[in-house]
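Enquirer: all I have is the shape, not the residue letters:
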């Protein structure tokens, strides 16, 4: 559960997020909106890269804003990036192990988690491949595997479908849909892709110019006139 | 009064040299993105050339001009031959590459001229005037005034001429410059030449006012960088003031016994503080690697 | 535990140990007295170069103050030698620790800067150390805190195991091997992974739970520690240190030769040491002007930066790979 209260972020004179309040408690929540609506800013506030001017964020009874970015990750807030962050000279395994490093599990458990997330993402055979040799779907999956290895409570995915083919997107879709069941983490999904959001998000929030213009059950949201006007182009 | 005056004047003269060095660096850095560590080595080559010409009995002005020309040639050849291959690299990598050039030039100089003590004498050394009981040689006056003149000329050049405007455009948006039809190669070569010319002139004065020693002149690049840093590697006027400030503080500290042996730390400390101050709000969160 | 064991006895560390043992056995036998001294210096600066390379390879940060930190290590070693009765090894570790602390200070600007500005800050630090060394010199058995006397310098003690020059070369090689293995273990474990994430972007590292401050500081402390060990060993080798060896330009030169050698492994560091101390000695020995080595360094640096990103060590590794592939193809 993530509770956002009266969150405001300003960059210079521009209000990237304007008095945003939102309570997300479903398994997979979508956030949608046109470019510059404040989606990525929101995810950056949650992960601690952007400091809000005012407001509060409570996740599972924890004051998220009081924690440093890496502490949030260790607490259980995992995230991916719009442009998958893959180190060219490090293997898939190395990327996943980073998330295991701070959990200080016995090596046997590390192996088990590693095997599990590799299998879940279908990367088992790419385990020892270096980042430079991965295609864009494999890079994306590596990042998701890293998120899942951190035993997350919440997974934030920033446009995971970007730059993927139709096939790859549908694979990703079923994968994201299974996260809650397999790993017990809530998923917050940011994307432009209306079809992807519709397919897997039970609830969806729509942002425009930093303001929340609609929030609720996904289908109801997409029927909302304001949403159609602002986002779907009427 | 007198003693302070003497140190202030000598500090202003040396500071003018730092400032001149810094200005040459800033001009180049703005137009090409290169921070030229070879700047001091180029100045050293220029000073040695002038000395050699005088030694061979050439007429003074020819020798002086030859030093400026040496600077232009050395700097422009790096700009034409090596720099284009590095145009898109990280600024730190570009700077380190110029180190390679500095080593080559310094090696050549030490190979061509042995370690003997030399003196570069300009006729202006023996002419001077007395101001507030402090005698000022014309060479020092030239250093100071030419420094101001070069700042003014460069600022006007960047503001008023076509090539100058091109340089500023290059500095602002390198990737767009080619698209809007700026002759990048020509503009950059001009910048390398101007910077090299200033280096040559600085080397000549440094050889006269401070010491004619290739290694010492080569490492003059460090206080020159310090001056340039005071101007954020951008502003010519702030670089000018930074250079003068460093020179004066350094000279004045001679009078305070406890710190006198450490006074040459001045440029480093001022520059380090300037950088730390400028970058105090910097965050690296989204800076990407490689 | 098994994992740690496996790492410690990986092929990489075994190669280091084999090369180190071979050179410990062979070098003192085949080299003349002068070359034993030269190779001791080469090995010492290979340790220092491993530190510069670590920071550059792992974090892409340019540290232009490494030789200044070698000076700090050397100063501490001489100070302890002339002021205490500590065994050599204790003083050596303290030299490493002291320089590591100074390295930690260099990590402070690295929190907010990188690239050119950080390189300049470290260069300014190197400049400041140059002035300090020139003003106060290195302890030689004199009185007081700075311990500098004009006459009758005290004796710099060497390790009990290695009083003579040849034994000291062996000792230095052994220390270097340990240092290279320490660096390697860092690169292959948690630290190396964290550094890789930071290198990609700090946001990425933080999102993966990496405490960026801790790991940046760790890299700088480790680099400083290696410089300090190098300084301590250098003091033991030369017995007196001269401030001119630790000028800012030397740090810049060491960075340059590290890039030329290759920053990704111990071989690169050894090549850097050879270039830094071996090549000038070779020129001297051949009756050539040592200044020529500067020209070669300069050209090699430009070459390395423009075309060979992994340095000479990378080219050697590629050549081996090429040979192996050829052999496999013909079989």
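Expert: Looks like it arrived, so ask away. If you're wondering where the values come from, they're calculated on a predicted model, not measured in any experiment.
Enquirer: how far away from the center of its chain is the helix or strand encompassing residue C:34?
Expert: Here residue C:34 sits within helix C:33-59, counting by DSSP states H and E. Centroid displacement of helix C:33-59 relative to its chain, using CA atoms, centre = their mean, to the nearest Å, is 4 Å.
Enquirer: following it, which helix or strand comes up?
Expert: The C-terminal neighbour of helix C:33-59 among helices and strands, as given by DSSP H and E, is helix C:66-83.
Enquirer: packing partners for that following helix?
Expert: Packing partners of helix C:66-83 (3 or more CB pairs under 8 Å, 6 or more residues apart in numbering or on different chains; DSSP states H and E): helix C:33-59, helix C:88-112, helix C:115-136, helix C:212-238, helix C:248-261. C-beta coordinates here come from the backbone N, C-alpha and C atoms, glycine included.
Enquirer: what's the burial count for residue A:134?
Expert: Counted with other CB atoms under 10 Å in any protein chain shown, residues neighbouring residue A:134 total 21.
Enquirer: now do it, the pLDDT please.
Expert: Confidence at residue A:134, expressed as pLDDT, is 92.
Enquirer: tally of neighbours for residue 121?
Expert: Went with chain A since none was named. So residue A:121, with other CB under 10 Å, has 24 neighbours.
Enquirer: wrong chain, I was asking about chain C
Expert: Number of residues near residue C:121 (other CB under 10 Å) recorded here: 27.
Enquirer: does it really touch residue C:109, like I thought?
Expert: Yes: with contacts counted by CB atoms under 8 Å, residue C:121 reaches residue C:109, the gap being 4.6 Å.
Enquirer: need the residues touching each of those two.
Expert: Residues touching both residue C:121 and residue C:109 by CB atoms under 8 Å, 6 or more residues apart in numbering or on different chains: B:275, B:276.
Enquirer: tell me the buried residues in the helix ranked longest in chain A?
Expert: Of all segments of type helix in chain A, defined using DSSP state H, the longest is helix A:166-183. Buried residues in helix A:166-183, counted by 16 or more other CB atoms under 10 Å in any protein chain shown: A:168, A:169, A:171, A:172, A:173, A:175, A:176, A:177, A:179, A:183.
Enquirer: out of the helices and strands packed on helix C:66-83, which is closest to residue B:77?
Expert: For the helices and strands packed on helix C:66-83, the distance to residue B:77 is smallest for helix C:248-261, at 20.3 Å, taking CB to CB.
Enquirer: okay, the buried residues of helix A:166-183 in CSV with distance to chain C next?
Expert: Written out in CSV, the entries for the buried residues of helix A:166-183 read as follows (distance: CB to the nearest CB, whole Å):
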residue, distance to chain C
A:168, 22
A:169, 23
A:171, 23
A:172, 19
A:173, 23
A:175, 19
A:176, 18
A:177, 22
A:179, 17
A:183, 16
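Enquirer: re earlier: next SSE downstream of the longest helix of chain A?
Expert: Helices and strands here follow DSSP H and E; after helix A:166-183, the next one along the chain is strand A:186-190.
Enquirer: how far away is the residue in chain A that chain B sits nearest to from residue C:194?
Expert: When you check chain A against chain B by CB to the nearest CB, the closest residue turns out to be residue A:49, at 5.0 Å. From residue A:49 over to residue C:194 the distance is 18 Å, taken as CB to CB, to the nearest Å.
Enquirer: who's in contact with the lowest-mean-pLDDT helix or strand in chain A?
Expert: Taking all helices and strands of chain A together, the one with the lowest average confidence (mean pLDDT, DSSP states H and E) is helix A:225-230, at a mean of 77. The list of residues contacting helix A:225-230 from outside it, by CB under 8 Å, 6+ apart, reads A:34, A:206, A:208, A:213, A:214, A:221, A:222, A:234.
Enquirer: most surrounded residue in the residues you listed?
Expert: Neighbours here mean other CB under 10 Å. Within those, the largest count is held by residue A:206, at 26 neighbours.
Enquirer: contact partners for that residue?
Expert: The neighbours of residue A:206, taking CB under 8 Å, 6+ apart as the test, are A:31, A:32, A:33, A:212, A:213, A:214, A:215, A:221, A:224, A:227, A:230, A:231.
Enquirer: same thing but at 10 Å, please
Expert: For residue A:206, the contacting residues are A:30-34, A:37, A:39, A:197, A:212-216, A:221-222, A:224, A:226-227, A:230-232, taking CB atoms under 10 Å, 6 or more residues apart in numbering or on different chains as the criterion.
Enquirer: again, but for residue A:151
Expert: A:74, A:76, A:78, A:99, A:100, A:103, A:105, A:113, A:183, A:184, A:185.
Enquirer: give the next helix or strand downstream of whichever helix or strand residue B:146 is part of.
Expert: Taking DSSP H and E as the definition, residue B:146 sits inside helix B:138-160. Towards the C-terminus, the helix or strand next in line after helix B:138-160, according to DSSP H and E, is helix B:162-172.
Enquirer: what are the buried residues along that following helix?
Expert: Taking 16+ other CB under 10 Å as the neighbour-count basis, helix B:162-172 is seen to contain the buried residues B:163, B:164, B:166, B:167, B:169, B:170, B:171.
Enquirer: does residue B:89 touch residue C:306 like I think?
Expert: Yes: counting by CB atoms under 10 Å, residue B:89 touches residue C:306, with 9.0 Å between them.
Enquirer: what sits in contact with each of those two?
Expert: Residues touching both residue B:89 and residue C:306 comprise residue B:97, with contact defined as CB under 10 Å, 6+ apart.
Enquirer: that concludes my questions; thank you for your assistance.
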